[in-house]
Each structure stands twice: as structure tokens, then as C-alpha cells.
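Asker: okay, sequence plus prediction incoming.
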Amino acid sequence: MRREGYETMSGFEPTRLTLAMRKRGVTQRQLAEMCDVSSQYISQVEKGRDRPTPERIDQFAEMLNFQAQFFFGPPIDLIPQDAVSF
């Protein structure tokens with residue numbers, strides 16, 4: 001991934017990481033293991049309390065099979081999984 005474009009994009013959006021993880025069925029613990037970080041770090045990133053480096057964003061993208069650009073842009077409203085039943 002070419003990182004020079006990151007500066008012109010709007011900032012990293014944590015809700016997009018959460019959505020990507022849900023779409024791929026990956027837990028915080030699993031992503032942490034894949035990226036060799038703590039699950040607490042993933043939690044802090046998802047909550048917007050920690051900002052990942054461009055290299056880490058590339059790693060998230062690779063591990064979750066998403067384009068890195070996906071993690072930039074407007075917030076995505078997430079519906080809690082327990083709020084929906086069929």
C-alpha cells in the first residue's frame with residue numbers, strides 16, 4: 001500500500017475497523033494475535049483512544065482482506081448484534 005496518500009485522506013475511522021472485523025468474523029483477540037499486538041491495543045483502537053500507524057493500518061487491511069483506504073472516511077453506524085433477532 002502506498003502510504004503517501006494517507007495524509008490527504010480524512011483520519012482513520014475506528015468504526016470501520018470494527019465493521020471489517022465483524023464482516024470477517026475476527027475477534028479482537030484473533031486480530032491481536034495476527035498483528036502481534038495486545039487485545040487491549042485493538043480495543044483502544046476500536047474505541048478511538050489509540051491511533052494506529054500507517055504500517056499498522058496496512059497490517060489490519062492485509063489480515064482482514066480489506067483495502068487500507070476502507071479504514072478512512074466517515075463513521076459507520078453499527079447495529080449491536082444483540083439488537084437484531086430473526
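Answerer: Cool, got the structure.

Asker: where do the helices sit along the protein?
Answerer: For the chain, the helices defined by DSSP state H cover 14-24, 28-35, 39-46, 54-64.

Asker: can you list contacts of the last one?
Answerer: Meaning helix 54-64. Contact with helix 54-64 is made by 1, 3, 6, 12, 17, 20-21, 23-24, 26, 31, 34-35, 37, 52, 66-68, 70-71, as judged by Cβ atoms under 8 Å, 6 or more residues apart in numbering. Every C-beta, even on glycine, is put in place using the N, C-alpha and C of the backbone.

Asker: over to the first one?
Answerer: Helix 14-24 is contacted from outside by 27-28, 31, 45-48, 60, 64-66, 70-73, 75-78, 81, using Cβ under 8 Å, 6+ apart.

Asker: list the buried residues of it.
Answerer: Buried residues in helix 14-24, counted by 16 or more other Cβ atoms under 10 Å: 14-21.

Asker: and what of the last one?
Answerer: Taking 16+ other Cβ under 10 Å as the neighbour-count basis, helix 54-64 is seen to contain the buried residues 54, 56-61, 63-64.

Asker: with the second one instead?
Answerer: For helix 28-35, the buried set under the neighbour-count rule, 16+ other Cβ under 10 Å, comprises 28, 31-32, 35.

Asker: let me have those residues in TSV, extended by pLDDT and distance to Tyr41.
Answerer: Below are those laid out as TSV (pLDDT from 0 to 100; distance: Cβ to Cβ, whole Å):
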residue	pLDDT	distance to Tyr41
Gln28	97	9
Leu31	98	10
Ala32	98	7
Cys35	97	8
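
Asker: tell me the spacing between the residue positioned nearest the centre of the chain and Phe72.
Answerer: The residue lying closest to the centre of the chain (Cα atoms, centre = their mean) is Leu17, at 2.1 Å. To Phe72, Leu17 is 11 Å away according to Cβ to Cβ, to the nearest Å.
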